[in-house]
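1. Got a predicted structure here, sequence first:
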Amino acid sequence: MVDLMAREDEADIERMMSALGRQARAATASLARAPGKARDAALEGAARIIRERAPGILAANAQDMERAAARGLSGALLDRLALDEDRVDAMARGIEGIRALPDPLGRVLAEWTRPNGLVIRRVSVALGVIGIIYESRPNVTADAGALCLKSGNAVILRGGSESFASSEAIHGCLADALSDAGLPREAIQMVPTRSRAAVGQLLGGLGGCVDVVVPRGGRSLIERVQRDARVPVIGHLEGICHVFVERGADLEMARSIVLNSKLRRTGICGAAETLLVDRGCAATHLRPLVTALLDGGCAVRGDAATREADPRVTPATEADWRTEYLDAVISVRVVDDLEAAVRHINKYGSGHTESIVTASASAAARFLAEVDSAIVVHNASTQFADGGEFGMGAEIGISTGRVHARGPVGAEQLTSFNYRVSGSGQVRS
């Protein structure tokens, strides 16, 4: 009897998810015809409705917080889940920032005329239907829905079970704003179940209705998505980010950048996990940097030279150079020169974000050119690896892949293109 019920439940979920896929695919036709002003009107309405319904959103979030606390979620996870008036207003402001962006659709990316008179244009178009799977943070519901709408994509959102009530409340605001603007509510849909079977259905592509999947969450979620998805995936597995203090670095600038890169927020993918110090400045820079990290509450795991700088440093193992701590822990190594730093980063890094601190323009130019990562920074913190900081309004995540999108994935990165060819009766011989 239990097995039969499980099969019935699974069949129900499959039917429900198939319906979501068909509705999303149908909504793409309406979005393709809708002018940018209509999409912007929906975004403007979504920001207004979120502010108007803030008490209801906060009440739903209180339910989620109560359940999460009862389940024993950690303080860090509870902080990600929690909403207050400022965070709700930040969601609305984020949507307004996305609305203010130029329309990413219909842009002529390139144009040329062939000798036979054919005019060929490469024009930006929406990807189609996007499935977004995320954990904990209910604000992702607003960011992801708004970015997909701005870029003319229908989206199926599958939030974490711990943020179910909060996400539903936020999604209701987006759906009502779509209706008010004369657009289909089905352009932004929320998976209405906590069942993990729904994730499997989404990863399967819903019978060809889903064009791409974007995961946003912890390692276990992203590993599952990358392993099980039957459609293209945009995202990253880890953020093993580095700061390299080159021999031409100003010490005070280096100290500020290193501390911010590591300790501003330790649990985000743009947090630095490894500090590399050029042997050419180690005598003057290594000890002050290590001391500043330790005094700031950060555990340091280092090579022999780093351990000599401060007795509080513990030995680093080979595994440390490949570890995303997401905590107040950093690995530190002294490298011979810029070439050795680049070699270390390209070997151990995850292709996310790396920073060089130096006053040498030539060293910076070489680092930026030779480090194989999605984001490479000169004289600034790795924690600027964020779509909002890049002027994109918001982002769905950071892509470390090399196909389609790389770096922060905003509205522009959620588009593709087609070729539009204009002739005057030409035929091919």
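-> Alright, I've got the coordinates.

2. got the buried residues for stretch 371-386?
-> Residues of stretch 371-386 classed as buried by neighbour count (16 or more other Cβ atoms under 10 Å): 371, 373, 374, 375, 376, 377, 381, 382, 383, 384, 385, 386. Backbone N, C-alpha and C define where each C-beta goes, glycine included.

3. show me what contacts the residue lying closest to residue 103 once chain neighbours are set aside?
-> Nearest residue to residue 103 in three dimensions, chain neighbours excluded: residue 36, at 3.7 Å (Cβ to Cβ, 6 or more residues apart in numbering). By Cβ atoms under 8 Å, 6 or more residues apart in numbering, the contact set of residue 36 is 103, 105, 106.

4. pLDDT wise, what is residue 217 at?
-> Note for residue 217: predicted pLDDT of 82.

5. give me every residue that touches the nearest residue to it once chain neighbours are set aside.
-> Using Cβ to Cβ, 6+ apart and skipping residues adjacent in sequence, the residue nearest residue 217 is residue 135, 3.6 Å away. Residue 135 makes contacts with 159, 160, 162, 163, 216, 217, 218, 221, as judged by Cβ under 8 Å, 6+ apart.

6. Which residues does the fifth one form beta bridges with?
-> Put plainly, it is residue 216. Beta bridges link residue 216 to residue 134, judged by DSSP bridges.

7. do you know how far it is from residue 158?
-> As defined by Cβ to Cβ, to the nearest Å, residue 216 lies at a distance of 11 Å from residue 158.

8. shared neighbours of those two, which are they?
-> Applying Cβ under 8 Å, 6+ apart, one finds that residue 216 and residue 158 are jointly contacted by 132, 133, 134.

9. Among the residues you listed, which one lies nearest to residue 225?
-> Of all the shared contacts of residue 216 and residue 158, residue 133 has the smallest distance to residue 225: 6.3 Å, by Cβ to Cβ.

10. roughly how far is the helix or strand that residue 178 is a member of from the heart of the chain?
-> Secondary structure assignment for residue 178, by DSSP states H and E: helix 164-180. How far helix 164-180 lies from its chain's middle: 21 Å, per Cα atoms, centre = their mean, to the nearest Å.

11. what's the answer for stretch 253-266, then?
-> Relative to its chain's centre, stretch 253-266 lies at 21 Å (Cα atoms, centre = their mean).

12. what do you get for stretch 252-260?
-> Stretch 252-260 has its C-alpha centroid displaced from the chain centroid by 25 Å (Cα atoms, centre = their mean).

13. That stretch: which residues count as buried?
-> Residues of stretch 252-260 classed as buried: 254, 255, 257, 258, 259, 260 (neighbour count, 16+ other Cβ under 10 Å).

14. cool, and stretch 349-362?
-> Of the residues in stretch 349-362, those buried by neighbour count under the rule 16+ other Cβ under 10 Å are 349, 350, 351, 352, 353, 354, 355, 356, 357, 358.

15. wait, what's in contact with residue 357?
-> By Cβ under 8 Å, 6+ apart, the contact set of residue 357 is 243, 244, 245, 246, 249, 250, 253, 254, 257, 258, 379.
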